[in-house]
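>>> give me the fold of what follows.
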Amino acid sequence: MCTFSTMTKELLTMRDWLQDHNCRVVAMESTGVYWKPIFNLLEGDFEVLLVNPTHIKHVPGRKTDIKDCEWIAQLLEHGLLRGSFIPPMAIRDLRDLTRYRRQLVNDRTSEVNRLQKVLETANIKLASVATDVMGKSG
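The predicted structure follows:
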């Protein structure tokens, strides 16, 4: 058994190792965002199954990452895993951009609200006379 770290150089070494061993299908759990770098590096060269952890965790006694890996490998060998839907790269990129934009808008809104709170604390009632505190009238 080989182990690899999650640094890019090690992941590339893992990809080469998998190719050297004629691996065609890779299965992994979709835990948080930890799967993304691995998935991105393996996506073009292998069929990558991203598996929902709740579908494979129903077996008691598997409490370590090594045992989890062995269990996932056994399930994959027997054809018992169903991969999650992963949108195409263009859709994933668009999702990332829209989520980032939403976060920027939320951050700006928070800062405007914080500014209004500071002004209110200083007894400056700008929001009472201006429709947009951050606009021309503000």
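
>>> what is the burial count for residue 73?
By the criterion of other Cβ atoms under 10 Å, residue 73 has 13 neighbours. Bear in mind the C-beta positions are built from the backbone N, C-alpha and C, glycine included.

>>> domain ranges for the chain?
Domains of the chain are assigned by the TED database as 8-85, 90-128.

>>> ok now the longest one, how far from the chain's centre?
Taking Cα atoms, centre = their mean, to the nearest Å, one finds domain 8-85 lying 15 Å from the centre of the chain it belongs to.

>>> change the start of the numbering to 48 and stick with it
Let's use 48 as the start, then, which means that last one is domain 55-132.

>>> what's the average pLDDT for it?
Domain 55-132 comes out with an average pLDDT of 85.

>>> if we can go back for a sec, which stretch among the domains of the chain comes nearest residue 181?
Residue 181 sits nearest to domain 137-175 of all those, at 5.6 Å, using Cβ to Cβ.

>>> buried ones in that closest one, by neighbour count?
Under the neighbour-count criterion of 16 or more other Cβ atoms under 10 Å, domain 137-175 has residue 163 buried.
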